[in-house]
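# Here is a sequence together with a model predicted from it:
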Amino acid sequence: MSTTESQPTEADRVPEAAGSPSTAPPSPPPPDAAGDQAVRETLEDYTLRFAPRSYRRWTPMVVATTALGGIAYMADFSIGAGIALAHGSGNALVAIAVAAVVIFVTGFPLAYYSARYNIDLDLITRGSGFGYYGSVLTSVIFASFTFIFFALEGSIMAQGLLIGFGLPLWLGYLVSTLMVIPLVIYGMKALSKLQVWTTPVWLLLMVGPLVYLVAADPGTVDAFLSYAGTDGEGAVDTASVLLGAGVCLSLIAQIGEQIDYLRFMPPKTAANRRSWWTAVVMAGPGWVVLGALKQAIGVFLAVYLLSQAGPVAATEPIRQFQAAFDAMMPSWLVIPLAVVLVVISQIKINVTNAYSGSLAWTNSFTRVTKRYPGRMVFVLVNLGFALILMEADMFSFLNTILGFYSNTAIAWVVTVATDIMVNKYLLGLSPKQPEFRRGMLYAVNPVGVVAFTASSGLSIALYFGLFGDTLQPYSPVAAVVLAFALTPLMALATRGRYYLRRTGDGIAEPLLDAEGNPSGTVYDCHVCRRPYERPDVAACQTHDAVVCSLCLSTDAVGDHVLPPPFTKL
């Protein structure tokens, strides 16, 4: 990749020269208490902005372990069990495999871009077909993903608290919501410690019962593989596989949460190349391998529990593991261990849900209103939505919610992944180097917005049967195919003209260093008077200085935002 792709052209230069590295900006504006608070908070974990190399001190494996800790959720067991009960083990396993392949393929380019350029999925989406304001729509979709899955995990934890302590479900919902607030306040530094230390315990409690059941009674494997579902048919057929895959594909947006950690990867160098790629693949698209295994385990445990407790209990992870523990240890240990597993899992994933959701809501609000309200405000907003869903007993109609939601999630992720793979690298119509700063992008790019809107709209119509029952199972296929086809077609139709409003940001130094990593050169922001690395700043329109990306986002009157390029007559 060329390091000169963002060199300013004559048409893109601002009248004044940009500030020099590490120099104090002239005539600083008066202090702004609210703005200063916003800057301090976003620098705790680089909310809404590029993560600089000075902050990224973790090794690739620590980042990967932290990211993988976020997929300790129990929902996979319920998802697999629900599909198996409806369609049989054969259809469930094929559906899980189909969804896993789609999620892996689409997740890889997103994970690479995040780790390579140290930006989150919203910042990637802005420059990959949606535009500066166009990606607000997808931020809301991702935020919805986080509170839907928070509610799902909170419901599972409440079931555990009911069995373990007799706590009423409504109170369990409240406890599972409130307990994550102290943990999510501190961002990446606290979350990395939490995930690293709890992962071994979680793995032991999850895998141990399965190994014991298979070793003690091999017949459980035959029962698991031959289970035909509640309708008694069980033969593998396309409609059942696609319906099941649609539910599994609701998890496609999980890559956004993985990316919230992967953006803290260190620069890729010749010395760490192998560990860097291993961490990116393992913690990026590789999360779905563990996710698919958990769904398959959910099928196994549901079939094992079905004859003992019936179909309702068979989809509840706390019941599944209670039955598994009961077969291998004294009865007095069964419920405590099952509750411990559920609580650890819920904490590990829901701190991630609350964290990532707050970033998505804050990002959208800041761009639309040009005000930064503080991330904690939206931690509480996200938790409020999740609590409402829990109190409404969303667990009882889980697959319906996930099946509907998956259509929008698929359309978004496939659109962005296609823009990276096809429009950037095959067609060359989308700039290879990511861009996210205000002033550098058009407000809306029709490439991604049209592809996403059309593919999600048609797939949702299929899902609700507007084109007949025969086509209903094909809604996830429609979302994938349409997003994949329309994204390059729109880029060709528009000739890629709506990706960049400007090709230069008024600063002579390239964004990337000689190794293709984001430059670590530090510049001082004229507005907030704090130092930022090269990719996070742009020249100021009205001063001989630079401005950071957050100050550009919150510039209500646009004084600092670069104008469109000058046109030579």
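Received it, and whenever you're ready, just let me know what you need. Numbering: from 1, shown residues only.
# Please count neighbours and contacts with C-alpha atoms only from this point.
Will do.
# okay, which residue is most central for this protein?
residue 256 (1.4 Å; Cα atoms, centre = their mean).
# That residue and residue 279, how far apart?
16 Å (Cα to Cα, to the nearest Å).
# for residue 117, same thing?
15 Å.
# Check residue 507 too.
33 Å.
# what does residue 426 give?
Separation of residue 426 from residue 279 (Cα to Cα) stands at 26 Å.
# Pick out whichever of those two has more residues nearby.
A direct count of neighbours by other Cα atoms under 10 Å for residue 426 and residue 279 places residue 279 higher, at 24 against 12.
# dump the residue contacts of the more buried one.
By Cα atoms under 8 Å, 6 or more residues apart in numbering, residue 279 lies in contact with 60-61, 63-64.
# So which of those residues are in helices?
Among the contacts of residue 279, the members falling in helices (DSSP state H) are 60-61, 63-64.
# my guess is the residue nearest to the centre of the chain is in a helix, correct?
Yes: applying DSSP: H, G, I helix; E, B strand; the rest coil, one finds residue 256 inside a helix.
# List the single closest residue to it in space, sequence neighbours excluded.
Distances taken as Cα to Cα, 6 or more residues apart in numbering place residue 121 nearest to residue 256, at 5.7 Å, with adjacent residues excluded.
# Tell me, how many residues neighbour that neighbour?
Here the count is done by other Cα under 10 Å, and residue 121 has 27 residues near it.
# How about residue 397?
9.
# mind listing what it touches?
Counted by Cα under 8 Å, 6+ apart, residue 397 has zero contacts.
# what pLDDT does it get?
As predicted, residue 397 sits at a pLDDT of 70.
# do the same with the one 5 residues further on
Residue 402 carries a pLDDT value of 75.
# Tally up the residues packed near it, please.
Counted with other Cα under 10 Å, residues neighbouring residue 402 total 20.
# thinking it is in contact with residue 243, fair?
No: between residue 402 and residue 243 there is no contact under Cα atoms under 8 Å: 10.9 Å.
# Can you give me the neighbour number for residue 565?
16.
# Surely it is in contact with residue 502?
Yes: if you go by Cα under 8 Å, residue 565 and residue 502 touch, sitting 6.1 Å apart.
# Dump the contacts of residue 279 into JSON lines; add distance to residue 84 and neighbour count as well.
Shown next, in JSON lines, are the contacts of residue 279 (distance: Cα to Cα, whole Å; neighbours: other Cα atoms under 10 Å):
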{"residue": "60", "distance to residue 84": "37", "neighbour count": "26"}
{"residue": "61", "distance to residue 84": "35", "neighbour count": "17"}
{"residue": "63", "distance to residue 84": "34", "neighbour count": "27"}
{"residue": "64", "distance to residue 84": "31", "neighbour count": "27"}
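# So for stretch 548-557, first residue to last residue, what's the gap.
First-to-last distance for stretch 548-557 - Cα to Cα - comes to 16 Å.
# So for that stretch, what gets flagged as buried?
Neighbour-count burial for stretch 548-557, counted by 16 or more other Cα atoms under 10 Å, picks out 548-555.
# do the same with stretch 334-341
Buried, per 16+ other Cα under 10 Å, within stretch 334-341: 334-335, 337-341.
# Mind checking which of those are in helices?
Using DSSP H, the buried residues of stretch 334-341 in helices are 334-335, 337-341.
# Out of those, which comes closest to residue 100?
residue 341 (24.6 Å; Cα to Cα).
# The closest one is in contact with residue 206, isn't it?
Yes: using Cα under 8 Å, residue 341 is in contact with residue 206, at 7.5 Å.
# which of the residues in stretch 506-519 are buried?
Buried-residue list, stretch 506-519, by 16+ other Cα under 10 Å: 506-512, 516-519.
# Endpoints of that stretch, how far apart?
One end of stretch 506-519 sits 16 Å from the other (Cα to Cα).
# Any figure for the gap between the closest residue to residue 542 other than its chain neighbours and residue 502?
Spatially, and ignoring its direct neighbours in sequence, residue 542 is nearest to residue 560 (6.1 Å; Cα to Cα, 6+ apart). Between residue 560 and residue 502 the computed distance is 15 Å (Cα to Cα).
# Look at those two and report which has more neighbours.
A count of neighbours by other Cα under 10 Å puts residue 560 above the other of residue 560 and residue 502, at 25 against 22.
# Look up phi and psi at the more buried one.
Per-residue torsions, residue 560: phi -100, psi -10 (degrees, to the nearest 10).
# residue contacts, it?
540-543, 547, 552.
# Residue 100: neighbouring residues, count only.
25.
# Can you say which helix or strand has it in it?
Taking DSSP states H and E as the definition, residue 100 sits inside helix 89-117.
# Show me what that helix is packed against.
With contacts taken as 3 or more Cα pairs under 8 Å, 6 or more residues apart in numbering; DSSP states H and E, helix 89-117 sits against helix 75-87, helix 121-125, helix 219-226, helix 238-248, helix 254-262, helix 273-283, helix 287-309, helix 398-418.
# elements contacting the last one?
Contact here means 3+ Cα pairs under 8 Å, 6+ apart; on that basis helix 398-418 packs against helix 89-117, helix 136-165, helix 238-248, helix 446-463, helix 475-494.
# try 6 Å
Here helix 398-418 touches helix 238-248, helix 446-463, helix 475-494, going by 3 or more Cα pairs under 6 Å, 6 or more residues apart in numbering; DSSP states H and E.
# State the number of residues packed around the residue nearest to residue 342 when sequence neighbours are not counted.
The shortest distance from residue 342 to any non-neighbouring residue, by Cα to Cα, 6+ apart, is to residue 157 (5.8 Å). For residue 157, the neighbour count with other Cα under 10 Å is 30.
# From residue 330, how far off is residue 157?
Separation of residue 157 from residue 330 (Cα to Cα): 23 Å.
# same thing with residue 228?
32 Å.
# ok, the two, which is more surrounded?
residue 228 (21 against 9).
# For residue 324, see how far away the more buried one is.
Distance, residue 228 to residue 324, using Cα to Cα: 22 Å.
# What of residue 384?
For residue 384, the distance to residue 324 - Cα to Cα - is 34 Å.
# How about residue 470?
39 Å.
# quick one: which of the two has more around it?
residue 324 (22 against 10).
# Residue 538: what secondary structure?
strand.
# Identify all residues paired with it through a beta bridge.
Taking DSSP bridges, one obtains residue 547 as the residues bridged to residue 538.
# how close does it get to residue 122?
Distance of residue 538 to residue 122, computed by Cα to Cα: 19 Å.
# Same question for residue 164.
40 Å.
# before we move on, what about residue 272?
According to Cα to Cα, residue 272 and residue 122 sit 27 Å apart.
# Same drill for those two, tell me which one is more crowded.
Between residue 272 and residue 122, residue 122 has the larger neighbour count (other Cα under 10 Å), namely 26 against 14.
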